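Visitor: Got a predicted model here, sequence first, then my questions.
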Amino acid sequence: MKAEIYRVAGRYGLEVFVVANSYINVPRDPRIERVVVSDGFDAADNWIAERVGPDDIVVTADIPLADRSLKAGASVIGNTGIPFTTASIGMAMANRELLSNLRAMGEVTGGPKPMAQRDRSRFLSALDEAIQKIIRRRSALPR
C-alpha cells in the first residue's frame, strides 16, 4: 500500500513518515521521510504513538498501535482499508487476544489472506475520506 500512500500524499501535498526498525527504500521526495528506529521491542510503534495527533493518519495492521493512535486522536486505517474507530477497537483488541490464544494452542495456523483488488480500492477510499475529514475540521477552526 506504500505506493498508493505516496501517490495520494503527493496529490494533497502531505508529509509521509515511513517508520521501521530497518532500512526501507522510499522515493526521493522532500515530503517522504524515512525514520529508522532501534530494533527494540515496539520501537517503531513507540515512535509513532509518541508523535501522532488529531491531524494525523496512521496506516497499520498492528491493533495495539491502532488503539494507541486512536487514543491520541489520530485517524487509523488498517492495511485492508477498514478504518479502526473508537467503537471498533475494543472488539479488534479482544479478537486479537482470542486469535493469539488459539494460535498458541495450535488451533489456528497461517496468516492473513492476500491483498485483493477490493482491499486496495477500500483502502484508497478510506484514506481519501480520512484526509477530507481532517481538511474539513481544519477549515472549520477559527483563524
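Guide: All right, it came through fine. Numbering: from 1, shown residues only.
Visitor: mind checking which helix or strand E33 is in?
Guide: Using DSSP states H and E, E33 sits in strand 32-36.
Visitor: ok, that strand: who's next to it in the sheet?
Guide: Next to strand 32-36 in the sheet, as set by DSSP bridges, lie strand 16-20 (parallel).
Visitor: re the thing from before, other residues contacting whichever helix or strand comes after the strand holding E33?
Guide: Using DSSP H and E, the helix or strand that directly follows strand 32-36 along the chain is helix 43-51. Outside of helix 43-51, the residues within contact range by CB atoms under 8 Å, 6 or more residues apart in numbering are 17, 19-21, 35, 37, 58, 60, 62, 64-65, 68-69, 72. The C-beta positions use only the backbone N, C-alpha and C, and glycine is treated the same way.
Visitor: farthest pair in those residues?
Guide: N21 and A72 (20.8 Å; CB to CB).
Visitor: For the longest helix seen in the chain, name the packing helices and strands.
Guide: Criterion DSSP state H: the longest helix present in the chain is helix 117-140. Counting contacts by 3 or more CB pairs under 8 Å, 6 or more residues apart in numbering; DSSP states H and E, helix 117-140 packs against helix 2-12, strand 57-59, strand 75-77, strand 83-84.
Visitor: so where is this structure shaky, pLDDT-wise?
Guide: 96, 108-112, 143 (pLDDT under 70).
Visitor: distance between the longest helix of the chain and the chain's centre?
Guide: Relative to the centre of its chain, helix 117-140 is centred 12 Å away, using CA atoms, centre = their mean, to the nearest Å.
Visitor: Check stretch 26-46 too.
Guide: Centre to centre, stretch against its chain (CA atoms, centre = their mean), the figure for stretch 26-46 is 13 Å.
Visitor: Next, the distance between the ends of it.
Guide: 21 Å (CA to CA, to the nearest Å).
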